[in-house]
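> Here is my input; please provide its structure:
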Amino acid sequence: MSMDNFMTMLKPMLEGAQMTVLLFFIAIIASIPLGFLITLAVRSNFKPLSWFAHGYIYIMRGTPLLLQLLLICFGLPMLPVVGEYLVLDRFVAACLGFILNYAAYFAEIFRGGLLAIDKGQYEAAQVLGLNKWQTTTRIILPQMFRIALPAVTNESVTLVKDTALLYAVAVPELLHYAQTAVNRDFTIFPFFVAGVIYLFMTLIISMSFKWMERRFKFE
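Numbering: from 1, shown residues only. Next up, the predicted model:
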């Protein structure tokens, strides 16, 4: 393959990778705080809220992400009466699907982090005279995030790979352009290039989270 042909193939794939990165950052920035709020809802003493949060997590984790994307993109507009108001841009719909799905996974990760904190930490905070807000922000949350960070790293890497599902809802991303190049040039080489790009993105994300893990460990 000549350099000109390679660049002709690579340019749209890099543009698709930008869409992948954009979806990743939107999903991470929105799903992590939403996941934490769901964790608080699960632990709430208000039973209806706790039951709703448990049900939400069960549904979002128990059904395929692809099914959820198809439902949001193509199913919601078919609802009677309100369907016409639920027609979303494909990328917006995909972002919504990823946020709602990954928030459920992050909620379980954060719940596990909270359960791993010894109850003696709460008692020690009371002895020191800290109120509930101070105990949560200064003692509990830093420990929870340090415990949960490895699992968050793993889910973040999975998120990068799951962005390939955009292909199924007609959002042009990295895999879409790779498939287009394969069909056009009758070679599987674009798939290898796409794999290298995915590996590079996951490497950067893994290194970033590893740096955060080391920082939390020694603070």
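
> does residue 34 really touch residue 101, like I thought?
No. Using CB atoms under 8 Å, residue 34 is not in contact with residue 101; the gap is 10.7 Å. All C-beta spots, glycine's among them, are computed from the backbone N, C-alpha and C.

> Can you pick out the residue with more neighbours from these two?
Set residue 34 next to residue 101 and count neighbours by other CB atoms under 10 Å: residue 101 wins out with 21 against 17.

> name the element that one belongs to?
helix 90-115 (DSSP states H and E).

> Buried residues of that helix, list them for me.
90-91, 93-111, 113-114 (16 or more other CB atoms under 10 Å).

> How much space separates residue 10 from residue 171?
Using CB to CB, to the nearest Å, residue 10 is found at 20 Å from residue 171.

> Actually, residue 141.
In terms of CB to CB, residue 141 sits 35 Å off from residue 171.

> okay, the two: which has more neighbours?
residue 171 (23 against 16).

> And the lengthiest helix in the chain, what does it pack against?
Secondary structure assigned by DSSP state H gives helix 3-42 as the longest helix of the chain. Applying 3 or more CB pairs under 8 Å, 6 or more residues apart in numbering; DSSP states H and E, one finds that helix 3-42 contacts helix 47-62, helix 90-115, helix 141-162, helix 174-185, helix 189-218.

> next one: the last one to chain centre, how far?
In terms of CA atoms, centre = their mean, to the nearest Å, the centre of helix 189-218 is set 15 Å apart from its chain centre.

> residue with max distance from the center of the protein?
Here the chain reaches farthest from its C-alpha mean at residue 127, the gap being 38.3 Å by CA atoms, centre = their mean.

> per-residue confidence for it?
For residue 127, the model assigns a pLDDT of 77.

> what do you get for the one 3 residues further on?
In this model, residue 130 is scored at 76, pLDDT.

> Hmm, it is touching residue 138, no?
Yes. Applying CB under 8 Å, one finds residue 130 in contact with residue 138, separated by 7.0 Å.

> can you list the weak-confidence ranges in the chain?
Across the chain, the ranges flagged by pLDDT under 70 are 1-2, 216-219.

> Go again with 80.
Applying pLDDT under 80 to the chain flags residues 1-9, 81, 83-84, 118-139, 170, 185, 213-219.

> thinking again about what came up before, mind listing what's buried along the longest helix of the chain?
9-10, 12-13, 16-17, 19-21, 23-24, 26-28, 30-32, 34-36, 38-42.
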